[in-house]
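Participant: Below: sequence and its predicted model.
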Amino acid sequence: MAGSAIVVFFLAVGLFGPYLAPYPARSYEALYAGEAGDPPSWKHPFGVEQSGIDVFSETIHGTRNDLYVGLAASILTTLLGVALGAVAGYYKGRIGEIVLGITQVFFVIPFLLLILLFARVFSILVFKGLGLTLIVLIIAFFGWSSVSFVVRGETLKIKEMEFVQASRSIGASSWRLLFRHIVPNILSPVIVITTLNIAGFILTEVVVSFLGFGDANTSTWGLILNEGFSYIRTRWWVCVFPGLACVFCVLGFNLMGDGLSDALNPRLRE
Amino acid sequence: MIPVFLGVAILTYAVGNAAGSPLDLIRIGLRNPSPAVIEAMRHYYHLDRPVYERFLLWLWQLLQGNLGVSQSGRPVAQQIGAWALTTLELQVISLVLAVAIGVPVGVYSAQHQYSKSDYVITSTAIFGYSMPVFWLGIILIIVFSFTLGWLPSSGAHGLSFVWWGNPLLDHLAHLILPVTVLTYVDLATFVRLVRANMLEVLRQDYILAARSSGLSERTVTYRYALRNAISPVITIIGLSFGAALGGAPATETTFSWPGLGYAFAQAALNLDIPLVQGITVVITIMVLAANLIMDLMYAVLDPRVRID
């Protein structure tokens, strides 16, 4: 409940904020006004960075970008995971085993390390100009395996149920079985995982940007943290406030995911 | 296990290569390398052979313990040893503390469901895994290092070991903040997981039977309920360790902790491909080893599962 409220709040900020924010994204106006490096005040609620970027506006602009990464990466991951997991669960023979093997390989890969590596390599040398979408694609490329395992488990369970057997006995094709019968019934855990993944991927994006591997032209919370990290001794407000925004946003999605999990899983209801 | 390792090796090498051959990378660094230098590099990196031959060469060298030479000119394997120990030290201590604190707290929380303390514990836990690890680190640094001056803010050892007297205590002082941060975040996951599992187990009939047969609450909880609730927790511990190792860059950068994660972040930023590949391989081996240990412990604790 509280989670959904928080999420709605952040979605609103993400959608409408950039039009209402005092300063445009990545603008150094405060520098020209001689206010670079100011602590929080009425004019700059979260303070100003060393370079003249207003932290409050930056946080608002960053909300939209971070939400974009979280949502897009999560949806893409779910699509990939469901597709591959359903195949792994449905086709018992060779195909199923191969897909399962691939899933296991991707599951063990140190997630953050290869994301950092791919992001660095591809943004510099191969695909310039994609910005945050690159991060989304890379996260989805490495993140689908956990979804896939869950989907495979659920598919295995559903596959043996009577209505599926009945459908198959009257000659339904595999595609029809998969899409009309199996997938709609595995939706509940998938929805929960997707929501929790949004939270996780926002955190991932923040870490990637914080370490300097994100897009330097798009404002995100991680980027502000990166810029402010060298100055935490003197200008603590640069790091603290965007971090708080990130914590609450992720908290919102986590709470929402937990709520959904309780609602959709009657066995654990307390 | 082996196919998984091979898969990771292939991926790492592929992306290292996708970055362009080592020649391109070096060209980015040097301005106008003479043809003699280029020829020497070409011969050194065996660029006259096709890709799959180069990959097998790399793999073969890897298995012999030669991880290549990084861009700075020093052999990778030499540098990784010290870093690996430092990272492992931090991760293992945090994991042990997280389990040691998390499991009892989770059990307590499950036993006193809906009470005030349960509510506090659960809220703290959710807050814990909602925050980026390094942000908590930054906050703690601001509070404890800069404002209060009680604890050091970076590195694993102070200059001339000044903190708290002798070198051992100095290292301990440097350990406290990173360990606190890592433990808190790991703790959050474990508390919630143990609590959820314990709640489910405590509803079972055999618990009621054990209680009604006169056993003390303590025995019932720890010998019966926890034994059965612990299996998923073991799996998650293994996965957590893998994830923590993978997430090391962020924590280590925040505290300038000289470990594998920090080295990886710097190397990747500098496009020091051999170093990056070496570190990825080492961390993958650690993760696989951790998973193997967890599988073995699982088999020990749960008689229904035996190594097959």
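Facilitator: Looks like it came in fine.
Participant: what's the helix or strand hosting residue A:115 in contact with?
Facilitator: Under the criterion of DSSP states H and E, residue A:115 resides in helix A:111-121. The contact list for helix A:111-121, computed with C-beta atoms under 8 Å, 6 or more residues apart in numbering or on different chains, reads A:134-135, A:138-139, A:141-143, A:204, A:207-208, A:211, A:213-214, B:11-12, B:15-16, B:18-19, B:243, B:246-247, B:249-250, B:264-265, B:268-269, B:271, B:276, B:279-280, B:283. For the C-beta atoms, the positions are set from N, CA and C on the backbone; glycine is no exception.
Participant: Which of these are buried? Put it as a PyMOL command.
Facilitator: A single PyMOL command is used to select the members of those judged buried by 16 or more other C-beta atoms under 10 Å in any protein chain shown:
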select buried, (chain A and resi 134+135+138+139+141+142+143+204+207+208+211+213+214) or (chain B and resi 11+12+15+16+19+243+246+247+249+250+264+265+268+271+276+279+280+283)
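Participant: How far does the strand or helix carrying residue B:244 sit from its chain's centre?
Facilitator: Using DSSP H and E, residue B:244 falls within helix B:226-246. Here helix B:226-246 is found 13 Å from its chain centre; the criterion is C-alpha atoms, centre = their mean, to the nearest Å.
Participant: Can you spell out which helices and strands pack onto it?
Facilitator: Helices and strands touching helix B:226-246, as assessed by 3 or more C-beta pairs under 8 Å, 6 or more residues apart in numbering or on different chains; DSSP states H and E, comprise helix A:111-121, helix B:76-111, helix B:167-202, helix B:273-301.
Participant: pull the CA atoms of the helix holding residue A:115 into CSV?
Facilitator: What follows is helix A:111-121 as a C-alpha-only set of coordinates in CSV (Å, rounded to 0.1, in the frame of the first residue of the first chain):
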residue,chain,number,x,y,z
PHE,A,111,26.5,-9.6,-12.8
LEU,A,112,28.0,-6.3,-12.1
LEU,A,113,31.5,-7.0,-13.4
LEU,A,114,30.4,-7.9,-16.8
ILE,A,115,27.9,-5.2,-17.0
LEU,A,116,30.6,-2.7,-16.2
LEU,A,117,32.9,-4.2,-18.8
PHE,A,118,30.3,-4.4,-21.5
ALA,A,119,29.1,-0.8,-20.8
ARG,A,120,32.6,0.6,-20.9
VAL,A,121,33.6,-1.3,-24.1
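Participant: Please find the angle between the direction vectors of it and helix B:273-301.
Facilitator: Per axes from the mean of the first three to the mean of the last three C-alpha atoms, to 10 degrees, the angle that helix A:111-121 makes with helix B:273-301 is 160 degrees.
Participant: mean confidence for helix A:111-121?
Facilitator: Averaging pLDDT along helix A:111-121 gives 81.
Participant: And stretch A:152-160, by the same measure?
Facilitator: 80.
Participant: Stretch A:248-260 too?
Facilitator: Stretch A:248-260 shows an average pLDDT of 83 in the prediction.
Participant: what comes into contact with it?
Facilitator: Residues outside stretch A:248-260 that contact it (C-beta under 8 Å, 6+ apart): A:1-7, A:9-10, A:63, A:66-67, A:70, A:191-192, A:195-196, A:198-199, A:202-203, B:126-127, B:129-131.
Participant: My read is that residue B:247 contacts residue B:133, right?
Facilitator: Yes. Between residue B:247 and residue B:133 there is a contact under C-beta atoms under 8 Å: 6.7 Å.
Participant: and for these two, which residues touch both?
Facilitator: The contact sets of residue B:247 and residue B:133 overlap at residue A:207 (C-beta under 8 Å, 6+ apart).
Participant: returning to what we had before: angle of the helix holding residue B:244 against helix B:273-301?
Facilitator: Orientation of helix B:226-246 against helix B:273-301 (the same axes, to 10 degrees) gives an angle of 180 degrees.
Participant: For helix B:226-246, which residues meet the burial criterion?
Facilitator: B:226, B:228-231, B:233-234, B:236-246.
Participant: likewise stretch B:136-144?
Facilitator: For stretch B:136-144, a neighbour-count test (16+ other C-beta under 10 Å) marks B:136, B:137, B:138, B:139, B:140, B:141, B:142, B:144 as buried.
Participant: try stretch B:248-267
Facilitator: Across stretch B:248-267, burial judged by 16+ other C-beta under 10 Å covers B:248-255, B:257-267.
Participant: and residue 174, what pLDDT?
Facilitator: In the absence of a named chain, this looks at chain A. Confidence score, pLDDT, at residue A:174: 66.
Participant: You answered for a different chain; I wanted chain B.
Facilitator: Model confidence at residue B:174, given as pLDDT, is 80.
Participant: Would you mind listing where the stretch 101-250 of chain A has pLDDT under the threshold?
Facilitator: A:124-130, A:172-179 (pLDDT under 70).
Participant: which of the buried residues of stretch B:248-267 come close to chain A?
Facilitator: When C-beta under 8 Å from any C-beta of the partner chain is applied, the members of these adjacent to chain A are B:249, B:250, B:253, B:254, B:264, B:265.
Participant: Correct me if wrong: the fifth one contacts residue B:281.
Facilitator: So the one you mean is residue B:264. No. With contact defined as C-beta under 8 Å, residue B:264 does not count as touching residue B:281 (11.4 Å).
Participant: so where do the strands sit in chain A?
Facilitator: Ranges of strands in chain A, per DSSP state E: none exist.
Participant: now the helices: where do they sit in it?
Facilitator: A:2-20, A:29-32, A:55-90, A:94-108, A:111-121, A:132-159, A:162-169, A:174-176, A:183-185, A:187-210, A:221-229, A:237-264 (DSSP state H).
Participant: How about the residues of the stretch 151-270 of chain A by chain B?
Facilitator: Checking the stretch 151-270 of chain A against chain B by C-beta under 8 Å from any C-beta, the hits are A:199, A:203, A:206-207, A:210-213, A:225, A:229, A:232-233, A:236, A:239-240, A:243, A:246-247, A:250-251, A:254-255, A:258, A:268, A:270.
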